[in-house]
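Colleague: Model the structure of this input:
(one chain, ligands or ions: 3)
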Amino acid sequence: MSMAVRKKRLTTADITALKGVRPVVSLTAYTTPIAKLLDPHCDLLLVGDSLGMVLYGLPNTIPVTMEMMIAHGQAVMRGVENACVIVDMPFGSYQEGPEQAFRNAARLMKETGCDGVKLEGGAEMAETISFLTLRGIPVMGHVGLMPQQVNASGGYRSLGRTTAEAEKIKRDALAVGHSGAFSMVVEGTIEPLAREISDDCPIPTIGIGASPACDGQVLVVDDMLGVFTDFKPRFVKHFASLAPVISRAVEDYAAEVKARSFPGPEHTFQMKKQPL
Ligand SMILES: Nc1nc(=O)c2c([nH]1)NC[C@@H]1CN(c3ccc(C(=O)N[C@@H](CCC(=O)O)C(=O)O)cc3)CN21
Ligand SMILES: CC(C)C(=O)C(=O)O
Ligand SMILES: [Mg+2]
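Modeller: Ligands and ions are numbered 1, 2, ... in the order given. So this is what the prediction gives:
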């Protein structure tokens, strides 16, 4: 007798348990077909608010809404059977305090079926992270370069080069690390600082522009595939260059339409052959 066995998706607890075992593999995902392609190879898929810049052409992540995060969270959930799925809380949906954060995080969980949420912030967010985790919402932290602070920090630059800056980020990481968060993103920090944080925090650090010293890595999928090319930060590696592939395909299509060589007979419907 054989039973159909379905392997269960990774939980946030499974991600935490990977610390000290092997690096956590993570990428962003925003759509069902891309989630299906990434799912077998990734431990964690992040529905990042970077979708505002990557999918919607916005100048930064500030205008991203709950409705956008819910729509794309639902799309990604339809494509996964292995990876843990985390949805970014957008700017303005959690900074007022723990109650506002819980209300919006619960909405993301209920309406998408995701495994947890991510929010940006250091020591000032530790109380909010504890409030959510104690009430059943797994939270991923995000310290170092925090893109939702772009209007306060005046741009996207790597951090931790001065001792004052490094000490603040260290304090932030430790506060998040002891707040109940299951894991945290460390973004845009120098290697020695990322190593110290990873050594001293009890939860996995997932780096982006934060060196190989982290307990895992994450990249924006459109960056690593070479689809999104408006800017290329130093930390991005193009594992493929799809932009020119897409351009060439569209160029060929345009030429064939103009030449009437597409659609061909194999793409064309005809009347059934009738008996004479
Ligand atoms: N497509 C995309 N990829 C990302 O990694 C990403 C987003 N969008 N949107 C949200 C934030 C913004 N991020 C960014 C954007 C630009 C740089 C950048 O241009 N960095 C330069 C300068 C670094 C410095 O001055 O220290 C670099 O060369 O890395 C870094 C992070 C990271 N996140
Ligand atoms: C790159 C990750 C960490 C992120 O926050 C995003 O994609 O929005
Ligand atoms: Mg984000």
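Colleague: Next to ligand 2, which bits of the stretch 51-200 of the chain? Give me the list.
Modeller: Asp88, Val185, Glu187 (Cβ under 6 Å from any ligand atom). All C-beta spots, glycine's among them, are computed from the backbone N, C-alpha and C.
Colleague: where along the stretch 51-200 of the chain do the helices fall?
Modeller: For the stretch 51-200 of the chain, helices defined by DSSP state H, counting those that start in this stretch occupy the ranges 51-54, 66-77, 98-112, 126-134, 150-153, 163-177, 191-200.
Colleague: Let me know which of these is tucked in deepest.
Modeller: Ranked by mean neighbour count, the helices of the stretch 51-200 of the chain are led by helix 51-54 with a mean of 22 (mean count of other Cβ atoms under 10 Å).
Colleague: and it, anywhere near ligand 3?
Modeller: No: judged by Cβ under 5 Å from the ion, helix 51-54 stays clear of ligand 3, getting no closer than 8.7 Å.
Colleague: quick one: that helix to chain centroid distance?
Modeller: 11 Å (Cα atoms, centre = their mean, to the nearest Å).
Colleague: Stretch 237-249 now?
Modeller: Distance of stretch 237-249 from its chain centroid, counting by Cα atoms, centre = their mean, is 21 Å.
Colleague: which outside residues touch it?
Modeller: Leu219, Asp223, Met224, Leu225, Gly226, Val227, Thr229, Lys232 (Cβ atoms under 8 Å, 6 or more residues apart in numbering).
Colleague: Considering the residues you listed, which possesses the most neighbours?
Modeller: Neighbour counts for these, by other Cβ atoms under 10 Å, peak at Asp223, which reaches 24 neighbours.
Colleague: Model confidence at that one, what's the number?
Modeller: At Asp223, the model reports a pLDDT of 98.
Colleague: Surely it forms part of a helix?
Modeller: Yes: counting by DSSP: H, G, I helix; E, B strand; the rest coil, Asp223 is found in a helix.
Colleague: Run a quick check on it versus Phe231, I expect a contact.
Modeller: No: taking contacts as Cβ atoms under 8 Å, Asp223 lies outside contact range of Phe231: 9.1 Å.
Colleague: for the longest helix seen in the chain, what is the average pLDDT?
Modeller: Criterion DSSP state H: the longest helix present in the chain is helix 242-258. Averaging the model's pLDDT scores along helix 242-258 yields 98.
Colleague: With distance to Ala240 and mean pLDDT as extra columns, can I get the helices of the stretch 51-200 of the chain in a markdown table?
Modeller: Converted to a markdown table, the helices of the stretch 51-200 of the chain look like this (distance: least, Cβ to Cβ, whole Å; pLDDT from 0 to 100):
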| stretch | distance to Ala240 | mean pLDDT |
| --- | --- | --- |
| helix 51-54 | 16 | 98 |
| helix 66-77 | 20 | 99 |
| helix 98-112 | 28 | 99 |
| helix 126-134 | 36 | 98 |
| helix 150-153 | 28 | 96 |
| helix 163-177 | 32 | 97 |
| helix 191-200 | 26 | 98 |
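Colleague: what's the burial count for Val5?
Modeller: By other Cβ under 10 Å, 6 other residues sit near Val5.
Colleague: just Lys273 next, same as before
Modeller: Lys273 has 6 nearby residues by other Cβ under 10 Å.
Colleague: Tell me who's in contact with it.
Modeller: Listed by Cβ under 8 Å, 6+ apart, the contact set of Lys273 is empty.
Colleague: Could you list the residues of this protein in contact with ligand 3?
Modeller: The chain has residues Gly48, Asp49, Asp88 near ligand 3, with proximity defined as Cβ under 5 Å from the ion.
Colleague: if we go to 6 Å?
Modeller: Within the chain, the residues that sit near ligand 3 (Cβ under 6 Å from the ion) are Gly48, Asp49, Ser50, Asp88, Pro147.
Colleague: of those, closest to Val76?
Modeller: Among the residues of the chain next to ligand 3, Gly48 lies closest to Val76 (Cβ to Cβ), at 10.5 Å.
Colleague: Once you drop chain neighbours, what's closest to that closest one?
Modeller: Thr28 (4.3 Å; Cβ to Cβ, 6 or more residues apart in numbering).
Colleague: Equivalent analysis for Asp222, please.
Modeller: Phe228 (3.7 Å).
Colleague: follow-up on the earlier one: CA atoms only: put the longest helix of the chain into CSV for me.
Modeller: Taking Å, rounded to 0.1, in the frame of the first residue of the first chain, the C-alpha atoms of helix 242-258 are listed here in CSV:
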residue,chain,number,x,y,z
LEU,A,242,18.0,38.3,-18.8
ALA,A,243,17.4,42.0,-19.9
PRO,A,244,19.3,41.6,-23.2
VAL,A,245,17.6,38.2,-23.8
ILE,A,246,14.2,39.8,-23.4
SER,A,247,15.1,42.7,-25.6
ARG,A,248,16.3,40.4,-28.4
ALA,A,249,13.1,38.3,-28.2
VAL,A,250,10.9,41.4,-28.5
GLU,A,251,13.0,42.7,-31.3
ASP,A,252,12.5,39.4,-33.2
TYR,A,253,8.8,39.4,-32.5
ALA,A,254,8.4,43.0,-33.8
ALA,A,255,10.3,42.1,-37.0
GLU,A,256,8.2,39.0,-37.6
VAL,A,257,4.9,40.8,-37.1
LYS,A,258,5.9,43.5,-39.5
